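In: Structural data only, the sequence is not supplied:
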């Protein structure tokens, strides 16, 4: 891959200023964070970011490879060496600019991407048995530095072409799509069903991991680029796809997210106090239910079990801890090794005193006379042969069951696509699972003017994959508009 | 923002609000509901649409003061804005010519029954409406119901108006009198439970429109889930109308009490 700027004089000089041995000898930076004891009583952001010195030092570790694999690991193909080398020189605003060439939300990605499975997983350092360059920390640093500097750059916008484009949903996929289309000169409107812009970034990911204010700044930035936002509007319900067409929208990108929370269909699951992580997190994050001056209530359990091992499960269990749970536990049917959550979230959860009941699976809940959950029956599991996901399949250990007292259970075992949009468009190709079918290379659906991406296509993935879909759809839609195909 | 253009009282605790919402007015059908939020720190609550006016671009909601949020909404006046209003949500009522339909409404449940009655009548059904209330003053929308019903039976608990007795007494009298092809019921969960038990006995297919706790109202949270024929369903996207004979009303009533303690505390504070 021919990466921009590697042959420029400054990069060459910088590369030669230190030999690779010296660079690899530097220890990987440690993120500054609040102590586990302190932070589990408030919603302050756990990670405090790097200092300029730490960032510049960490940037030196990057070898500026001739063939940087990290870029291939990034779903939005950020020019990683370029931005890191800018940081090495202390040109942080330049680094931020580089990030924004390909990512609409660098401050978000720097915080929530599973870097250890993406860019950092491809870092050359790993081949030398050294920890990868802290690309995620550096990304976050550059984005935060720019924001705090008060000199946020607005990406260059092409001459407006007057073509109206709609994005349905204002989560990561919709925002990234909107940003790219605005850059290309389109007149973009984002429609959001909820009363806040940001989708899962607002209702899902908690304040201690991704402060709302950070999301808002990114959204303001898009607004500065000319993107319009319409809240409380459900495309397919409030207005139809035909209405949009009549209003002159040439094409649209559906990124309506993964709606329906999955439940396990076990006895007692509808007892009071058993709820989905979507409900729990929405109450706390979107509705502010934990504070006294809001009208939305939330149960604040003392013994809280969260079922599942993904990021949402970690977010839920750590939220429960912050809302006063004396015992907050993860119940996961596989072992820690198979957990889909980011490593950092698992580490942080442990530091905050979360119990991990791995190789346990709930089979029944019991309640009191008012219907409130009081206990759960757990089945102990062991790992068998690998299953379709490639992970070792959990198998019940016969007779190994135990009751554990709980007063709140949060079920976080995945989501199914939101049927609202797919069901409202005639002729839209949908899978048996309810996801919108699109072509892999261009995100185009069975209806040529409708593209789709994010969880409504994937059925439950990550912020960055959703953003990658948004980018891909924007590029493909643009090409098809330019060629006159749509 | 959605401005309130008209407000009137059915009773001191039951308010009729007409709200500017041209897009919703245009796309809504009988059976649809909206989510309303009052104030930046308000709660999202579901309310079934009682009526709409295409020319004025308005929808009508009938709200009973119950908890903090509904009281806040009722306290808004003409010219005030509803902070957030989104819809129409849920599946529209399935309307066809069934034959003879008994529509049984109680409390403010009478209001969302009106568009259903109107649609059923227009589809050619013989519509017999049973309105139930505790006492005469709480009987609402009788006149409007009469306009689209072949017959209206009013039941009051205390006998102060119409016949004395519960809604089920009225429904049963019709079933005993003539062949009923469908029953539609909207009202308090307990009322719907008893209507459902009654019509099950007589094998009259029955549709109940449910109002449960919701947060987003778009299928995201699952707070509204109920059991229908042993299967978990979401009232917001699978409903709000279900085959009443399959609904586990006891579980639904239990779940409606999920935040009763919190509501009590909130009421006392405000």
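Out: Looks like it arrived, so ask away. What you see is a predicted model, and the numbers here were worked out from it, not measured in a lab.
In: if I pick the residue in the stretch 101-250 of chain B positioned nearest to chain A, what's in contact with it?
Out: When scored by C-beta to the nearest C-beta, the stretch 101-250 of chain B has residue B:221 as its residue closest to chain A, at 3.8 Å. Yep, even glycine has a C-beta here, placed from its N, CA and C like the rest. Listed by C-beta atoms under 8 Å, 6 or more residues apart in numbering or on different chains, the contact set of residue B:221 reads A:261, A:275-276, A:278-279, A:282-283, B:214-215.
In: Over to residue A:28?
Out: Residue A:28 neighbours (C-beta under 8 Å, 6+ apart): A:58, A:61, A:130-134.
In: So it, which state does it fall into?
Out: Secondary structure of residue A:28, reduced to three states by DSSP: H, G, I helix; E, B strand; the rest coil: coil.
In: quick one: residue A:43 and chain B, what's the gap?
Out: Distance check for residue A:43 against chain B: by C-beta to the nearest C-beta, to the nearest Å, it reads 16 Å.
In: before we move on, the earlier item: name the nearest residue to the residue of the stretch 101-250 of chain B closest to chain A, ignoring sequence neighbours.
Out: Among residues not flanking residue B:221 along the chain, residue A:279 sits closest, at 3.8 Å (C-beta to C-beta, 6 or more residues apart in numbering or on different chains).
In: Are we agreed that that neighbour is in a helix?
Out: Yes. Residue A:279 forms part of a helix when assessed by three-state DSSP.
In: Report how many residues lie close to it.
Out: For residue A:279, the neighbour count with other C-beta atoms under 10 Å in any protein chain shown is 25.
In: any idea of the pLDDT on it?
Out: For residue A:279, the model assigns a pLDDT of 96.
In: Go ahead and confirm it touches residue B:222.
Out: Yes. Here residue A:279 lies in contact with residue B:222, judged by C-beta atoms under 8 Å, at a distance of 5.6 Å.
In: which neighbours do the two share?
Out: Joint contacts of residue A:279 and residue B:222 (C-beta under 8 Å, 6+ apart) are residue A:261.
In: and residue 164, what is it in contact with?
Out: Since you didn't name a chain, this refers to chain A. Residue A:164 neighbours (C-beta under 8 Å, 6+ apart): A:186-187, A:189, A:247-250.
In: Chain B was what I was after
Out: Taking C-beta under 8 Å, 6+ apart as the test, what residue B:164 contacts is B:155-158.
In: Also residue B:140?
Out: Counted by C-beta under 8 Å, 6+ apart, residue B:140 has contacts B:10-11, B:14, B:62, B:108, B:110-111, B:131, B:133.
In: Just the residues you listed: which are in strands?
Out: B:10-11, B:14, B:62, B:131, B:133 (DSSP state E).
In: Identify, from these, the entry nearest to residue A:227.
Out: Checking these against residue A:227 with C-beta to C-beta, the nearest one is residue B:62 at 38.2 Å.
In: export the ones in strands among the contacts of residue B:140 to TSV and tack on pLDDT?
Out: Putting the ones in strands among the contacts of residue B:140 into TSV (pLDDT from 0 to 100) gives the following:
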residue	pLDDT
B:10	87
B:11	84
B:14	89
B:62	92
B:131	95
B:133	92
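In: List buried residues within these.
Out: B:10, B:14, B:62, B:131, B:133 (16 or more other C-beta atoms under 10 Å in any protein chain shown).
In: and residue 204, backbone torsions?
Out: Reading this off chain A. Dihedral pair for residue A:204: phi -100, psi -60, per degrees, to the nearest 10.
In: oops, chain B please
Out: Dihedral angles for residue B:204 - degrees, to the nearest 10 - are phi -100, psi 120.
In: Now for it, how many residues are close by?
Out: 22.
In: Just to check, it is in contact with residue B:184?
Out: No. With contact defined as C-beta under 8 Å, residue B:204 does not reach residue B:184; the gap is 10.7 Å.
In: Next up, the contacts around the residue nearest to residue B:221.
Out: Neighbours of residue A:279 in contact, by C-beta under 8 Å, 6+ apart: A:261, B:215, B:221-223.
In: Over to residue B:218?
Out: By C-beta under 8 Å, 6+ apart, the contact list for residue B:218 reads A:193-194, A:234, A:259, A:418, A:420, B:89, B:236-237.
In: pLDDT weak spots in the chain?
Out: No chain was given, so I picked chain A. A:1-4 (pLDDT under 70).
In: that's the wrong chain, I meant chain B
Out: B:1, B:267-270.
In: ok, the residue positioned nearest the centre of it - contacts?
Out: Residue closest to the average C-alpha location in chain B (C-alpha atoms, centre = their mean): residue B:109, at 3.6 Å. Residue B:109 is in contact with B:185-188, B:191, B:209, B:211, counting by C-beta under 8 Å, 6+ apart.
In: out of these, who's nearest residue A:89?
Out: residue B:211 (61.7 Å).
In: Tally up the residues packed near the closest residue to that closest one other than its chain neighbours, please.
Out: Spatially, and ignoring its direct neighbours in sequence, residue B:211 is nearest to residue B:46 (6.5 Å; C-beta to C-beta, 6+ apart). Applying other C-beta under 10 Å, we find 23 other residues in the vicinity of residue B:46.
In: Repeat that for the one 10 residues further on.
Out: Under the neighbour criterion other C-beta under 10 Å, residue B:56 is assigned a count of 13.
In: Residue A:402: helix or strand, and which one exactly?
Out: Residue A:402 is part of strand A:392-405 when elements are defined by DSSP states H and E.
In: gap between that strand and the chain center?
Out: Chain-centre distance of strand A:392-405: 31 Å, with C-alpha atoms, centre = their mean, to the nearest Å.
In: residues of that strand that come out buried?
Out: A:392-394, A:404.
In: Tell me the strands beside it, with direction?
Out: strand A:373-386 (antiparallel) (DSSP bridges).
In: what's the partner strand in contact with?
Out: By C-beta under 8 Å, 6+ apart, strand A:373-386 touches A:268, A:271-274, A:305, A:331, A:333-335, A:357, A:359-368, A:392-397, A:400-409.
In: for it, which positions count as buried?
Out: Buried-residue list, strand A:373-386, by 16+ other C-beta under 10 Å: A:373-381, A:383.
In: Show me which of those is closest to residue A:485.
Out: residue A:383 (49.8 Å).
In: can you list the contacts of residue A:28 in CSV and add neighbour count, distance to residue B:56 and secondary structure?
Out: Converted to CSV, those look like this (neighbours: other C-beta atoms under 10 Å in any protein chain shown; distance: C-beta to C-beta, whole Å; DSSP: H, G, I helix; E, B strand; the rest coil):
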residue, neighbour count, distance to residue B:56, secondary structure
A:58, 24, 62, helix
A:61, 25, 66, helix
A:130, 16, 70, coil
A:131, 14, 65, coil
A:132, 21, 62, coil
A:133, 30, 62, coil
A:134, 25, 59, coil
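In: and of the buried residues of strand A:373-386, the nearest to chain B?
Out: Taking these together and measuring to chain B by C-beta to the nearest C-beta, the closest member is residue A:373, at 10.8 Å.
In: Kindly state the beta-bridge partners for the closest one.
Out: residue A:367.
In: My guess is residue A:314 contacts residue A:328. True?
Out: No. Between residue A:314 and residue A:328 there is no contact under C-beta under 8 Å: 10.7 Å.
In: Which of the contacts of residue B:109 fall in helices?
Out: Using DSSP state H, the subset of the contacts of residue B:109 located in helices is residue B:191.
In: what about the helices in the stretch 351-486 of chain A?
Out: Under the criterion DSSP state H, counting those that start in this stretch, helices of the stretch 351-486 of chain A are mapped to A:455-458, A:463-482.
In: If anything else comes up later, I'll come back, but that's it for now.
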